[in-house]
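Enquirer: Next one to model:
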Amino acid sequence: MKCRKGLNGGLRAWGECRLPDEIHQNTATDTGSPDSKPSDAQREIQYEFTPSLCGILSQLGVSVLVSTYQAGKLAVLAARGEKLFLSFHNFERAMGVAARPDRLAVGAQRQIWILNSAPDIASRIPPVGQFDGCFLARTAHYTGEIQVHDLAFVDEELWCANTLFSCLCTLDKDHSFVPRWKPPFVSALAPEDRCHLNGFAAAAGRPQYVTVLGETDAPQGWREKKAGGGAIYDIASGEAVLRGLSMPHSPRLHGGKLWVLDSGTGRMLLVDPAAGRAEPVVELPGYTRGLAFYGKYAFVGLSRIRETSVFGGLPIAERRAELKCGVGVVDLTTGRLAAHLEFKSGVEEIFAVESLGLRCPALSGPHPQADGSQTIWKVPPLRHGNVGPAARPRPTFAG
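Expert: Presented below is the predicted three-dimensional model:
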């Protein structure tokens, strides 16, 4: 049964959905990007959220990372009791995000940033006692502008959806990137975005499925049939397991099942690769892109669609006036929308969503001053009178 009633500006979901009537509102100030003009150095970001969002984050003991390339930010969503903690960090055209306990990866316009975990200093970062984790920007791999989409750590390797070159790739110190797989219908590696390969699902130590917006071998060829030409491919066999999708993104393996976002319809689907079919789980009022799981919950990114040729003709365009930007939390056991965050102004689209097993992590990205946050240094103690090789000293914190 369809639930059509929007509650106090809340999200609309299909299936047996009920939302709490109470909505919390707040405002954050974004200090702008490193190259901001004085006139737009500060941006007011208004958002609202259901109280259940903080309850779910607290219950799970997790936080959520959200990237937006339109604003060039990586946002951290965390709960402190009934209050939502929201911070913004500048990454030029922030796109894919990958997380593991010891590091984060953030895809930017021309490089991929690596942030290392520094748990030993988290409790000492002001305000003392607020943070239970810390990630510090340490290195960046310069790829050039390859339109990096999904990122994921697969065992010790960072894998990337290299959309411009229509392939999956990894990184090494000697090359811009190392191509590892391309769809069988793509005849050659070329910077032509032939099929808009944008996402992949990994499990058991290897990538297993990818999403493409079109099965084409021509430059930008996917655009011609974007409304229904999307597909999911099995990497091992090189065969399509599902066709007829509308701009699919964010394939994920969770609980032994394959999930995908059918972005052009605003739906999340449960896919049966063996049978070649998919079952709609929920339909949301946004262009769905960015998907992460934790336990029985799915965190889904929602975007408004822009008035461009990319989004024209999509099924979701018929609902343009009601589309939201934010994050919806779906209870997988019921198919209901359990909570949401909606950006009312300042952020128009969401790219990646990633769950992190920390309640409230501190981040120090490549531009802390532009973030309006403190600079954090992690420095070993100085050993006077010894300029030669020495045993590795115990790290200390200053900042």
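Enquirer: Between the two ends of stretch 82-99, what distance do you get?
Expert: Stretch 82-99 stretches 25 Å from its first residue to its last (Cα to Cα, to the nearest Å).
Enquirer: Enumerate the positions of that stretch that are buried.
Expert: Across stretch 82-99, burial judged by 16 or more other Cβ atoms under 10 Å covers 84-99. Using the backbone N, CA and C atoms, a C-beta is placed for each residue, glycine as well.
Enquirer: cool, stretch 139-155 as well?
Expert: Within stretch 139-155, the residues that count as buried by 16+ other Cβ under 10 Å are 141, 143, 146-154.
Enquirer: tell me which strands and helices the lengthiest helix in the chain is in contact with?
Expert: Using DSSP state H to define each element, the chain has its longest helix at helix 51-60. Packing partners of helix 51-60 (3 or more Cβ pairs under 8 Å, 6 or more residues apart in numbering; DSSP states H and E): strand 73-80, strand 83-90, strand 326-331, strand 336-345.
Enquirer: can you redo those strands as a markdown table with mean pLDDT and distance to residue 190?
Expert: A markdown table is the format used below for the helices and strands packed on helix 51-60 (pLDDT from 0 to 100; distance: least, Cβ to Cβ, whole Å):
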| stretch | mean pLDDT | distance to residue 190 |
| --- | --- | --- |
| strand 73-80 | 95 | 30 |
| strand 83-90 | 93 | 31 |
| strand 326-331 | 98 | 35 |
| strand 336-345 | 94 | 36 |
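Enquirer: CSV for those strands, including distance to residue 248?
Expert: Formatted as CSV, those follow (distance: least, Cβ to Cβ, whole Å):
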stretch, distance to residue 248
strand 73-80, 24
strand 83-90, 28
strand 326-331, 17
strand 336-345, 21
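Enquirer: Residue 306 is nearest to which of those strands?
Expert: strand 336-345 (14.9 Å; Cβ to Cβ).
Enquirer: so what does the closest one touch, helix or strand wise?
Expert: Partner elements for strand 336-345 (3+ Cβ pairs under 8 Å, 6+ apart): strand 43-49, helix 51-60, strand 326-331.
Enquirer: deepest of those, which one?
Expert: Ranked by mean neighbour count under mean count of other Cβ atoms under 10 Å, the helices and strands packed on strand 336-345 are led by strand 326-331, which reaches a mean of 24.
Enquirer: and it, how far out from the chain's middle?
Expert: Computed by Cα atoms, centre = their mean, to the nearest Å, the chain-centroid distance of strand 326-331 equals 13 Å.
Enquirer: Low-confidence stretches in this structure?
Expert: Applying pLDDT under 70 to the chain flags the ranges 1-43, 307-309, 385-399.
Enquirer: Adding distance to residue 360 as columns, could you present the helices and strands packed on strand 336-345 in TSV?
Expert: Output for the helices and strands packed on strand 336-345, formatted as TSV (distance: least, Cβ to Cβ, whole Å):
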stretch	distance to residue 360
strand 43-49	16
helix 51-60	9
strand 326-331	17
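Enquirer: and of the ones you listed, who's closest to residue 124?
Expert: So among the helices and strands packed on strand 336-345, helix 51-60 is nearest, using Cβ to Cβ, at 23.2 Å.
Enquirer: before we move on, the earlier item: between the helices and strands packed on strand 336-345, which one is closest to residue 197.
Expert: strand 326-331 (24.5 Å).
Enquirer: Summarise which helices and strands the closest one is packed against.
Expert: Using 3+ Cβ pairs under 8 Å, 6+ apart, strand 326-331 sits against helix 51-60, strand 297-303, strand 336-345.
Enquirer: how many other residues sit next to residue 349?
Expert: 21 (other Cβ atoms under 10 Å).
Enquirer: surely it meets residue 325?
Expert: Yes - Residue 349 is within contact range of residue 325, at 6.1 Å (criterion: Cβ atoms under 8 Å).
Enquirer: what sits against the residue most central in space within the chain?
Expert: In the chain, the C-alpha nearest the mean C-alpha coordinate belongs to residue 352, at 1.6 Å (Cα atoms, centre = their mean). By Cβ atoms under 8 Å, 6 or more residues apart in numbering, the contact list for residue 352 reads 65-67, 94-97, 107, 150-151, 289-290, 301.
Enquirer: how much space between it and residue 129?
Expert: 29 Å (Cβ to Cβ, to the nearest Å).
Enquirer: Not counting sequence-adjacent ones, nearest residue to residue 142?
Expert: Distance criterion Cβ to Cβ, 6 or more residues apart in numbering; nearest residue to residue 142, sequence neighbours excluded, is residue 111 at 4.8 Å.
Enquirer: What number of neighbouring residues does the one you found come out with?
Expert: Residues near residue 111, counting by other Cβ under 10 Å: 20.
Enquirer: Quick check, it in contact with residue 141.
Expert: Yes - between residue 111 and residue 141 a contact is recorded at 6.0 Å, counting by Cβ under 8 Å.
Enquirer: Show me the one of the helices and strands packed on helix 51-60 that comes nearest residue 377.
Expert: Nearest of the helices and strands packed on helix 51-60 (Cβ to Cβ): strand 83-90, 16.9 Å.
Enquirer: Where do the strands of the stretch 251-399 of the chain begin and end?
Expert: 257-262, 267-272, 277-283, 287-294, 297-303, 326-331, 336-345, 352-356, 361-364, 377-379, 396-398 (DSSP state E, counting those that start in this stretch).
Enquirer: Make TSV from those strands and add distance to residue 71 to it.
Expert: Shown next, in TSV, are the strands of the stretch 251-399 of the chain (distance: least, Cβ to Cβ, whole Å):
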stretch	distance to residue 71
strand 257-262	21
strand 267-272	24
strand 277-283	26
strand 287-294	14
strand 297-303	12
strand 326-331	13
strand 336-345	9
strand 352-356	13
strand 361-364	16
strand 377-379	27
strand 396-398	30
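Enquirer: Quick check: which of those strands is buried the most?
Expert: For these, the largest average neighbour count (mean count of other Cβ under 10 Å) is found in strand 297-303, namely a mean of 26.
Enquirer: Pull up the pairing partners for that one, direction included.
Expert: When pairs are called by DSSP bridges, strand 297-303 turns out to pair with strand 287-294 (antiparallel), strand 326-331 (antiparallel).
Enquirer: Now do the last one against helix 51-60, angle only.
Expert: Our comparison of strand 326-331 with helix 51-60, counting by axes from the mean of the first three to the mean of the last three Cα atoms, to 10 degrees, yields an angle of 60 degrees.
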